[in-house]
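In: Sequence plus predicted model, see below.
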Amino acid sequence: MADHRISVVANGQIRPPLSPQPVLSSASTGWQGFLLEQHYMPPIVEFPSSMRFPGHLVALSICDQPPLIYWREDGHPRTARLFNGRIAVRSSQDLISCRQHGSCTLFSLLIDDSTMERVCEEVPGRREVELIPRPDVPDRALQHLVLAIVEDLRAGCPTGRIFGESVVNAIAAYTAQKYSAFSSRFPEYKDGLPAPCLRRVLDFIHSNLACDLSVAKIARVALISPYHFGRLFKQSTGQTLHQYVLDQRLKKAQSLLATSDVTLVEIASIVGLANQSHFTTAFRKKIGVTPAFYRTHL
């Protein structure tokens, strides 16, 4: 999915639901299993006459004047106003004769079936997740989660894949529990990761800081689903996975700055940050000074 646009199945063909290119897209990132796009919706939008999203859609509308959307569902005409900050959720149900009157900015997150299955794999009596179609949900929690990954994407994913993937895992679990046609209650774990498992995970992280680590890759080391792994890891360490990995990368960078003449560009690569700019930004935010200042004033 990472190399493509969000697409729908319409009249037997796979095509984007909107003609203009997105203003912002995660297609060029390392994120796997989901795709995020930002679109400016003009005053009148005609969607394909019959379309279906292959996956699970979570969309956030940002607007001053709430646009009106018309569509047909189960043979009946429907209308809804998309108020500012409202969320739309939908799985692979057909959306027929859909059009929108009124401009807005739309952030669309399409989560792969495989990602949703992986997040929900430990749900007792698990059934396939099917989100009940809702065009205008007032959900502040989802709004904040979507905006969090939008800001990370705008910044160029400065600390790697883990933050965005962790947030999308949380969105997948949240929507499966709150908006699925079938109950998805996750088991509760309160004791964190077993000690041998935690040691195995920490050893893996420390040995692979230079790599493009992902939540799914680290969770496989623990043999736990990505969603539950993130919660158990925080119980065990007091930090989210993203915070812990970033801290370890910056600690290694501090050591290299203090004991070597390796350039800042090389240090960024050694500790797994995308480039010198991202390294400098993350280092200054965490340590309080730039890497160059730190090295000079040790």
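Out: The structure has been received and is ready for your questions. Residues are numbered from 1 along each chain as shown.
In: Show residues contacting stretch 256-273.
Out: Stretch 256-273 is contacted from outside by 158-160, 208-213, 249-250, 252-253, 274-276, 278-280, 282, 291-292, 294-295, 298, using Cβ atoms under 8 Å, 6 or more residues apart in numbering. Bear in mind the C-beta positions are built from the backbone N, C-alpha and C, glycine included.
In: Any of these buried? List them.
Out: 158-160, 209, 213, 249-250, 252-253, 274, 276, 278-280, 282, 291, 294-295 (16 or more other Cβ atoms under 10 Å).
In: Okay, and which of those residues map to strands?
Out: When DSSP state E defines the strands, the subset of the buried ones among the contacts of stretch 256-273 inside them is empty.
In: that older thread, just the ones of the contacts of stretch 256-273 in helices?
Out: Of these, the ones assigned to helices by DSSP state H are 249-250, 252-253, 276, 278-280, 282, 291-292, 294-295.
In: can you pull out the strands in the chain?
Out: 8-10, 13-15, 24-25, 34-41, 44-46, 50-52, 56-62, 68-73, 76-81, 87-90, 95-101, 104-111, 134-137.
In: among these, which is nearest residue 165?
Out: Shortest distance between residue 165 and these, using Cβ to Cβ, is found for strand 34-41: 8.2 Å.
In: For that closest one, which strands pair with it and how are they oriented?
Out: According to DSSP bridges, strand 34-41 has the following sheet partners: strand 24-25 (antiparallel), strand 104-111 (antiparallel).
In: any idea of the mean pLDDT in that strand?
Out: What strand 34-41 shows for mean pLDDT is 94.
In: What residues of that strand count as buried?
Out: Across strand 34-41, burial judged by 16+ other Cβ under 10 Å covers 34, 35, 36, 37, 38, 39, 41.
In: Tabulate those (TSV), appending distance to residue 7.
Out: Formatted as TSV, those follow (distance: Cβ to Cβ, whole Å):
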residue	distance to residue 7
34	14
35	9
36	14
37	11
38	16
39	13
41	17
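In: What number of residues are in the vicinity of residue 20?
Out: Residue crowding around residue 20 was assessed by other Cβ atoms under 10 Å; the count is 10.
In: That one contacts residue 39, doesn't it?
Out: Yes: counting by Cβ atoms under 8 Å, residue 20 does reach residue 39; the two are 7.0 Å apart.
In: that older thread, okay, the strands of the chain in a markdown table with distance to residue 174 next?
Out: Output for these, formatted as a markdown table (distance: least, Cβ to Cβ, whole Å):
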| stretch | distance to residue 174 |
| --- | --- |
| strand 8-10 | 24 |
| strand 13-15 | 28 |
| strand 24-25 | 23 |
| strand 34-41 | 14 |
| strand 44-46 | 28 |
| strand 50-52 | 23 |
| strand 56-62 | 9 |
| strand 68-73 | 23 |
| strand 76-81 | 22 |
| strand 87-90 | 10 |
| strand 95-101 | 22 |
| strand 104-111 | 11 |
| strand 134-137 | 12 |
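In: Quick check: which of those is nearest to residue 190?
Out: Comparison of the strands of the chain against residue 190 by Cβ to Cβ identifies strand 104-111 as nearest, at 27.3 Å.
In: what's in contact with that closest one?
Out: When contacts are defined by Cβ under 8 Å, 6+ apart, strand 104-111 is touched by residues 1, 6, 33-41, 53, 55-63, 67, 82, 146-147, 149-150, 168, 171-172.
In: Check stretch 16-36 too.
Out: Contact partners of stretch 16-36, identified using Cβ under 8 Å, 6+ apart, comprise 1-8, 10, 37-41, 45, 47-48, 51, 107-112, 114-115, 118, 149-150, 153-154, 157, 160-161, 164-165, 168, 212, 214, 216.
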